[in-house]
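Student: Got a predicted structure here, sequence first:
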Protein chains: 2
Amino acid sequence: VSVNAPLGFVASGVSCGIKPSGDRDLALVATDDGRPVPAAGVFTSNLAAAAPVRVSREHLATTGGRASAVVVSSGNANAATGAAGIDDARRICDLVANGLEAACEEVLVCQTGLIGIPLPMARFESGIADLVSAREADARAAALAAEAMMTTDTVRKEVVVDRPGFLVGGMGKGAAMLAPDMATMLVVLTTDAICEPAMLHGCLSAAVDGTFNQLTIDGCTSTNDSVVVLAGGRSGHSASEEEMTSALADACGALATMMAADAEGGTKVARVTVAGAATEREARHAARRVAQSSLVKCSLNGEDPYWGRVLSELGSAGVEMDVDRAVVAYGGVVVCRGGTAADHDRTAVEAHMKQQNIEISCDLGAGSARAEILTCDLGHGYIDENRTTS
Amino acid sequence: VSVNAPLGFVASGVSCGIKPSGDRDLALVATDDGRPVPAAGVFTSNLAAAAPVRVSREHLATTGGRASAVVVSSGNANAATGAAGIDDARRICDLVANGLEAACEEVLVCQTGLIGIPLPMARFESGIADLVSAREADARAAALAAEAMMTTDTVRKEVVVDRPGFLVGGMGKGAAMLAPDMATMLVVLTTDAICEPAMLHGCLSAAVDGTFNQLTIDGCTSTNDSVVVLAGGRSGHSASEEEMTSALADACGALATMMAADAEGGTKVARVTVAGAATEREARHAARRVAQSSLVKCSLNGEDPYWGRVLSELGSAGVEMDVDRAVVAYGGVVVCRGGTAADHDRTAVEAHMKQQNIEISCDLGAGSARAEILTCDLGHGYIDENRTTS
């Protein structure tokens, strides 16, 4: 069990023929009685936001933050599809609402896949009937739902966070177009804690800010990013703001790590930490600059501790830095101190670079703020995955 | 002839053993009598600027914008080398000055190569004597100088711009770490026009802004970027500001195009034009966002006209945009209009994508400002070139 682990939720995943491969492409997470519960969403900042993002935002606004279900489809992003795309996204919610005996605006919709191609709506018309009938509270149903979200993902991404008195469950997808401030990533979370919509939204925003927004795969921010949460309250536990933020952040953090590890063409996950910054904003900015550098990412792929590139990215990040006090370390071994090469244990650094998880720590020598960000290497696989859409 | 084409300049290129391959790695451009002439430079904005950048800036400041020579070395960037690196860069200028019977501060120095490794100074001590003796005004000497600048470049980059009454000659290197606001690129320009230091600097800055700063290969800004120009005045022609800016811009533009075509691992050169922006700054920003997108660059590599990625990058560029009026075209064929797919001649677009030079034109539908930027595709070659430094 994952997304349906909290009391009162069911899930399902079926194939309706959006993906030419015949793989599962339609997922549902719903309350077990079809009744709406407090809900919140955080969506892409992309101005070319896809139709499902626009419709989900509109539905949450109409209901004042309540939903009874989230329907997810993969294989077609329903982005750059104009007014017809909006109509299609609404129709999908309508079909789910009919099956659950809920109202259309109580259904949220998330979609991922290729941009600019009209949705094959006939397939949704029949597929959603199957999807609604298949909903269950068991682990198999959760796994099928998580599978139905996948596009270039190679593994399902599921999580359960167990807290005193309540659970948070979740599933996600994302393996490229991942960048701070969201990415082509979809996440559906549930909890059986009691939490009203406004607080739920605040807790979700804070959790996303500290997790998914600290992850970068390729610097691209997609049209479809969505993280939604439904709080059913069935555990009877009233979560405090701290409790809920912390539980959601743990769930989001676990999914973010799974996404980095499953990055398209990636063979390494690297955590870039920047300390000694003048402000936290500058620390974040510098860490992103290093984490998004094609040259740094190529070095990771080649297991080469070429710290000169890290220093060069820090220097061009546009943040305050005292080069003569700058430090760079790999796996805790300082390789650059005072802006120049430091004597170090080469064997230890070489061994660290061969691991799957790499730690790059930097100090700007300009203050005491710090930030960290997850990234991955850049290898042939990423290019092979993204050269063509066919 | 190229960098020594304008009257009064000589050049040379030798091997002094910085490069393990034994390839040429030391170049000189000097006035033929060793006397200083008006000079200007535009350097990297990287805070971790390399020693040669710091020393050249200092020398230009000391002389009030005059120089008799530029010495260039390749194979070692002399970056992140601390106080010793500064001493080494000064010593290199001193050795050249001794050979030319000039003053140390009349020599500028540019270096490119690996970061963080002490310079093999003993090799410079003997190499510079050979370099100075080898200086000539003929085409072979210019070619050897251009060759001695190369690192991962696969071709020499030389240019001559012929204007009524005067010439501009130039040579450059650069094939990666190229990003707007300069890159690992070194350019040495000469002219036989008369032009005083302050005006020369203004003309050079304007020329660089319109050319090299509109080029992006991988979004990385190096520690060593330098563009310098020496104006010998030997033609007797007093250039106007417009004349000089235009001639320098033509020389820089030609070298920028050569760099894009020689980009590490690149197989395509793409010109991204963004029109319909609210301001020129926003147009530039959006064009860079598209040009630096790993996903867009992978599509170029795969010859796939996947405009959805272009639209997504525009939408996430953080600039004003009316998605419902957005247009994307490849080779002049509109593939997206009003933010959605446009019927178009697929055969024409496919044929365009197979060419080496790709045109991507976008309209944000938000105003009338425009900008363009050169980029290249992202292929296996870039990764293979940059995985390891060994």
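Tutor: Nice, I can see it. Numbering: from 1, shown residues only, chains lettered A, B, ... in the order given.

Student: Do a quick rundown of the strands in the stretch 1-150 of chain A.
Tutor: A:9-14, A:26-31, A:37-43, A:66-67, A:69-76, A:107-114 (DSSP state E, counting those that start in this stretch).

Student: In JSON lines, list these along with mean neighbour count and mean pLDDT.
Tutor: (Each C-beta comes from the backbone N, C-alpha and C, glycine too.) Output for the strands of the stretch 1-150 of chain A, formatted as JSON lines (neighbours: other Cβ atoms under 10 Å in any protein chain shown; pLDDT from 0 to 100):
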{"stretch": "strand A:9-14", "mean neighbour count": "26", "mean pLDDT": "97"}
{"stretch": "strand A:26-31", "mean neighbour count": "28", "mean pLDDT": "97"}
{"stretch": "strand A:37-43", "mean neighbour count": "25", "mean pLDDT": "93"}
{"stretch": "strand A:66-67", "mean neighbour count": "25", "mean pLDDT": "96"}
{"stretch": "strand A:69-76", "mean neighbour count": "27", "mean pLDDT": "95"}
{"stretch": "strand A:107-114", "mean neighbour count": "27", "mean pLDDT": "92"}
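
Student: residues in contact with A:His352?
Tutor: A:His352 sits next to A:305, A:330-331, A:333, A:358-359 when contact means Cβ atoms under 8 Å, 6 or more residues apart in numbering or on different chains.

Student: Can you give me the buried ones in the helix or strand hosting it?
Tutor: According to DSSP states H and E, A:His352 maps onto helix A:346-354. Along helix A:346-354, these residues count as buried under the neighbour rule (16 or more other Cβ atoms under 10 Å in any protein chain shown): A:349, A:352-353.

Student: Strands - which of the contacts of A:His352 land there?
Tutor: Members of these lying in strands (criterion: DSSP state E): A:330, A:333, A:358-359.

Student: want to throw these into JSON lines with distance to chain B?
Tutor: Formatted as JSON lines, these follow (distance: Cβ to the nearest Cβ, whole Å):
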{"residue": "A:Tyr330", "distance to chain B": "13"}
{"residue": "A:Val333", "distance to chain B": "15"}
{"residue": "A:Ile358", "distance to chain B": "14"}
{"residue": "A:Glu359", "distance to chain B": "19"}
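
Student: tell me the two of those that are most distant?
Tutor: Maximum pairwise distance among the ones in strands among the contacts of A:His352 (Cβ to Cβ): 11.8 Å, between A:Val333 and A:Ile358.

Student: Of the two, which one has the most company?
Tutor: More neighbours surround A:Ile358 than the other of A:Val333 and A:Ile358, with 22 against 18 (other Cβ atoms under 10 Å in any protein chain shown).

Student: Tell me the spacing between the more buried one and A:Ala326.
Tutor: To A:Ala326, A:Ile358 is 19 Å away according to Cβ to Cβ, to the nearest Å.

Student: swap in A:Gly308?
Tutor: 12 Å.

Student: Ok, A:His380 next?
Tutor: Note on A:His380: its distance to A:Ala326, by Cβ to Cβ, is 32 Å.

Student: for A:Ser361, same thing?
Tutor: Remark: distance between A:Ser361 and A:Ala326 (Cβ to Cβ) = 12 Å.

Student: Show the backbone phi and psi for the residue nearest to A:Ala5 when sequence neighbours are not counted.
Tutor: The shortest distance from A:Ala5 to any non-neighbouring residue, by Cβ to Cβ, 6 or more residues apart in numbering or on different chains, is to A:Gly169 (3.9 Å). With angles defined as degrees, to the nearest 10, A:Gly169 sits at phi -120, psi 160.

Student: wait, doesn't A:Gly169 sit right on A:Val10?
Tutor: No - counting by Cβ atoms under 8 Å, A:Gly169 does not reach A:Val10; the two are 11.4 Å apart.
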